[in-house]
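> What follows is a predicted structure for the sequence shown.
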Amino acid sequence: MKTTLSLKRAITTTAGALIFAFLVAGGTSLIGNPLELTRTAQAAGATEPAPAAQRHFHCSNETLAGRYAVRADGFVRFGPPTAPTVPFAAVSLLTMDGAGGLSTQVTRSINGTISSGVDTGTYNVNSDCTGTMTHGSLTFDLVVADLQGAGQGKEFYFIATTPGGTVTATAKRIQ
């Protein structure tokens, strides 16, 4: 009985696969070459989105002008260069001036030691919406994640590129 069911199942599966393959092959010949249909649609004026390499970005330092709430965390060295990395977390109010200057009012925890203060620094945003930033003793790479209105950054992400630790952050526009 089991052999009969297995044989029936094998025949049914094979027949189904053959019918599917036949329909796909026959369907292609019935509707024509899909590539040719695409060319015909393009010739008729149909538009497709531009490939990523051809899209134009509109970012600059002015894109990030404004105030942002920032949340950061990771691991940093707390002590001399040979010290092990320890947990780090911070929240801040970051103000970017649109000309490459920044200040941040920050509260941070480094291995449980809490501190607050104001840091200043610089930033540079490239036309492709990537960039760099420095504040305190850290350098960062950044990417604008969301644009609103006339090219204003609504949100951006950054990651520390200073050796010896790992810090990532998200900044969301509040004004």
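Structure received. Residues are numbered from 1 along each chain as shown.
> Name the nearest residue to G101, sequence neighbours excluded.
Of all residues not flanking G101 in the chain, T122 sits nearest, at 6.2 Å (Cβ to Cβ, 6 or more residues apart in numbering). The C-beta positions use only the backbone N, C-alpha and C, and glycine is treated the same way.
> Quick check, the one you found in contact with T139.
No. Between T122 and T139 there is no contact under Cβ atoms under 8 Å: 10.0 Å.
> any common contacting residues for these two?
Common neighbours of T122 and T139, counting by Cβ atoms under 8 Å, 6 or more residues apart in numbering, are M133.
> what stretches of the chain score poorly on pLDDT?
Applying pLDDT under 70 to the chain picks out residues 1-57, 149-150, 175.
> what are the ranges of the helices in it?
With DSSP state H, the ranges of helices along the chain come out as 2-31, 34-43.
> Give me the domain ranges for the chain.
2-52, 61-173 (automatic domain parsing).
> Now do the longest one: distance from first to last residue.
It stands for domain 61-173. Using Cα to Cα, to the nearest Å, the end-to-end distance of domain 61-173 comes to 15 Å.
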